[in-house]
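Undergrad: let me see the structure of the following:
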Amino acid sequence: MAFFKEKKELSPEEKTFNEGLATALDLISPAAVVVNPNYFQLNEYYLKTMFIYTYPRYLNTNWLSPVITYDITMDLGMFIYPVDSKKAMDDLKTRIGQMESAWRIEREKGMVSDPELETAMQDVESLRYALQKGELKLFKFSLYFTIYSKSIQELETMSKQLESHLGGRLIYTKPSYLQMEEGFTSTMPLGSDELMIPNNLDTGSVSTAFPFTSTELTSNQGILYGLNRHNNSLILFDRYSLENANMVVFGKSGSGKSYAVKVEALRSLMWGTDVIVIDPEDEYKKLAEAVGGTYIRLSVRSNQRINPFDLPVSFEQESGEDTLRGAVVSAHGLINLMVGGLNAEEDAILDRAILETYALRDITSDINTHKNPAPLMSDLYNVLKNMRGAENLVYKLSKYVEGTFSGLFNQPTNIDLGKGFIDFSIRDLEEQLRPIGMYMVLNFIWTRVRSDLRRRMLIVDEAWWMMQHEDSARFLTSLARRARKYYLGVSVISQDVEDFLSNDYGKVIIANSSLQLLLKQSPTSIKKVSDVFALTEGEKILLLECAIGEGLFFAGLNHVAIKVIASYIEDQIITSDPRQLLSMENKNE
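TA: A predicted model of the protein is given here:
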C-alpha cells in the first residue's frame, strides 16, 4: 500500500496556465525593491537597519523602553542563543589565564597598574563562579533596529537620533552597511538572523532588554485624564469599565492632587456622571457654582442638617431586618467617634439603646415601619439616661444634645441628594468634629446611593482625617468594597501617605481600587509608597523629581507616566493656587 502518491508532472500547457495565476506571494510582494549600501528601498519607503555592537558594564532595567516609545515606524529583531556552560567555562578559564599573564608581565616591567585590565579580571572571575554555581547562564544576544521613512533625509535624522540616544547610555550602534537586505530580513517576523552579530550577555543583562512597561493607556470611550509622558499620546479611560471604579490619589501638599481630581470630575459631569464631594477645605465651592451644582455647608452655624439615624431604602429590596441592622451599626460607629471610644460594657449598652431608640418611633424589622420618622440624637440620649451603667455615655453625649454642638446632630435631615454636582463643605467644622462630620456625611451619602441606582462618583478629600479613627476607617473601607454594586466610584485623596499606608484599612482601600494616581512624593514617604506599589528605581526617581500635576497613573495591570492637563477655562474654574487666585481677583476689580 502506497502512503505517498507521486506528484503528477504538469504538462507545458498547465505550467503556462499556472504562471498566469495570482498567488498569495504575488499579493504581498512589493512593487519595487532597491538595495543600496546605505539604505534599502521598499516601494516608497526607505529603510535602514542598525545593530548594537557593544554594551556598557552595567545595564539598567527597561533601557530599551524609551526606544520603543519613539514616535517613528520601526521594526526590532531580537535573537537569543544559549551558550553551553561547560564550553563557556573553558573559554573563560583560557581568557583569565591570558589576562593574568599580561598583568604579571606589566608588574615585572614595573609598569603602573592598568585599572581596565584589573576590572576585566574581576568580572571574568565573578562570571566563572556564577556559572559554576548555576546562578546564571551565558547567551549570545543580537539586537537589530530597522527604521522606516519616506525620505532619505528624515531617515538619516532618525538614525542619528537613535544612535545618539543609545550612545548616551554607552550602548553603541552601527548601520549594517552593504548588508541592508540581510538586516531588513533579520527584523522581519521570520526568525532568521542573517546578520549574525551577537554579543555575550548573561541572564541578568539579557532580561533588561525586555520592555515590560506599558506605553499605551487609552480606549475608545471615557474621559481625558492627561498626556502619556512616555510618547505624548492621550490617556483616555473609562474608570467604570474596570472591575471596580474606585481610585486613590496620593501626593505631597501642592503636588496637584485636588487639581487632577477636579479635572476628572468636571469632565465626568459631561458624560452624565453625578459627582459628590466631601470637601474639608472648601476647595470645590467655585467648581460647584460654575456647573450649577449644590453647595452644602455643614457647621454649627449652618441651617443645613443631617440626621444620623435616617434609614436607607434599598433598591435591592433587602429585608427590613438587614436594613435596620445596618442603620444600627452606622449609628453605633458614629457614637463611638463622638465619645472617643467605648469599653465592652458601654458597647453592649449602646447597641441595646439604639435598638430601643428606633422602637420608640415604632421602627422594627418590618420594612413597612421604616417609613415612620427617624429618631433623633435626643431620643437616644433620653434612652441612655434611663439605663444603668450608661452614665459615662450620657455625660459625653450631652454636648451633642444639649451643649455646644446640639444643633448639628440633633435635628431632622433637611437636604437631599439631587443630580449633578454636590459639594459637602466641612471646613467650618471644628477640628475635633471633622472626622465625625466626614463619617456622618459618608453615611448619609451611602444611605441615599443605595436607594437610587445611578452612575456616581464620590470624592473623599483629605481622607487621612478618617483613617486616624478605627470606626471611620472601617466605614470608608466597607464603602470602597461595596461601592461597585451600586454603580459608585470612590475617589480617596490623601497627602499624609504615611498615616494612610501604615493603616491596615488603608491598604484594603488600595487593594479595592482599580485606579491609582501617584503624584510628587516627599523623600520621607517614597520608601513606603514604593513598597506598597512595587515601584522600580526609575519610577521612584520620577515621583521625587516630577513637576506639579505629573506622576504615575495606574489602571488595572497597566501604568504610565502622566501629565494632567486642563484647558484655559477648566484651569480658571478649578485652580487653587493662591497666586493665581489673587491675580484673577485683581483682574476682576
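
Undergrad: how about the strands of the stretch 101-250 of the chain, start to end?
TA: For the stretch 101-250 of the chain, applying DSSP state E, counting those that start in this stretch gives strands covering 138-149, 172-175, 199-202, 223-228, 234-237, 247-250.

Undergrad: can I assume N60 sits in a helix?
TA: No - under DSSP: H, G, I helix; E, B strand; the rest coil, N60 falls outside any helix and is assigned coil.

Undergrad: just so I know, which of the strands of the stretch 101-250 of the chain lies nearest F210?
TA: Smallest distance to F210 across the strands of the stretch 101-250 of the chain (CB to CB): 11.3 Å, for strand 138-149. Where C-beta positions appear, they are placed from N, C-alpha and C, glycine not excepted.

Undergrad: partner strands of that closest one and their direction?
TA: Using DSSP bridges, the strands paired with strand 138-149 are strand 45-54 (antiparallel), strand 74-82 (antiparallel), strand 199-202 (antiparallel).

Undergrad: tell me the most buried of the ones you listed?
TA: strand 45-54 (a mean of 19; mean count of other CB atoms under 10 Å).

Undergrad: what about it, average pLDDT?
TA: Strand 45-54 comes out with an average pLDDT of 93.

Undergrad: how far off centre is it?
TA: 35 Å (CA atoms, centre = their mean, to the nearest Å).

Undergrad: got the CA positions of the helix or strand just after that strand in CSV?
TA: Downstream of strand 45-54, the next assigned helix or strand under DSSP states H and E is helix 65-68. Extracted in CSV, the C-alpha atoms of helix 65-68 (Å, rounded to 0.1, in the frame of the first residue of the first chain):
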residue,chain,number,x,y,z
SER,A,65,11.6,51.1,26.7
PRO,A,66,12.3,54.7,25.6
VAL,A,67,13.4,53.5,22.2
ILE,A,68,10.2,51.5,21.6
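
Undergrad: can you redo the strands of the stretch 101-250 of the chain as CSV with mean pLDDT?
TA: As requested, the strands of the stretch 101-250 of the chain are exported to CSV (pLDDT from 0 to 100):
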stretch, mean pLDDT
strand 138-149, 92
strand 172-175, 93
strand 199-202, 87
strand 223-228, 87
strand 234-237, 84
strand 247-250, 91
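
Undergrad: I'd like these as TSV, with distance to Y505 appended.
TA: Shown next, in TSV, are those (distance: least, CB to CB, whole Å):
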stretch	distance to Y505
strand 138-149	47
strand 172-175	52
strand 199-202	44
strand 223-228	27
strand 234-237	27
strand 247-250	12
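
Undergrad: among these, which is nearest S186?
TA: strand 138-149 (5.2 Å).

Undergrad: burial of the nearest residue to S149 once chain neighbours are set aside, as a residue count?
TA: Sequence neighbours aside, L155 is the residue nearest to S149 in space, at 3.9 Å (criterion: CB to CB, 6 or more residues apart in numbering). By other CB atoms under 10 Å, 20 other residues sit near L155.

Undergrad: wait, what's in contact with L155?
TA: 39, 46-48, 147, 149 (CB atoms under 8 Å, 6 or more residues apart in numbering).
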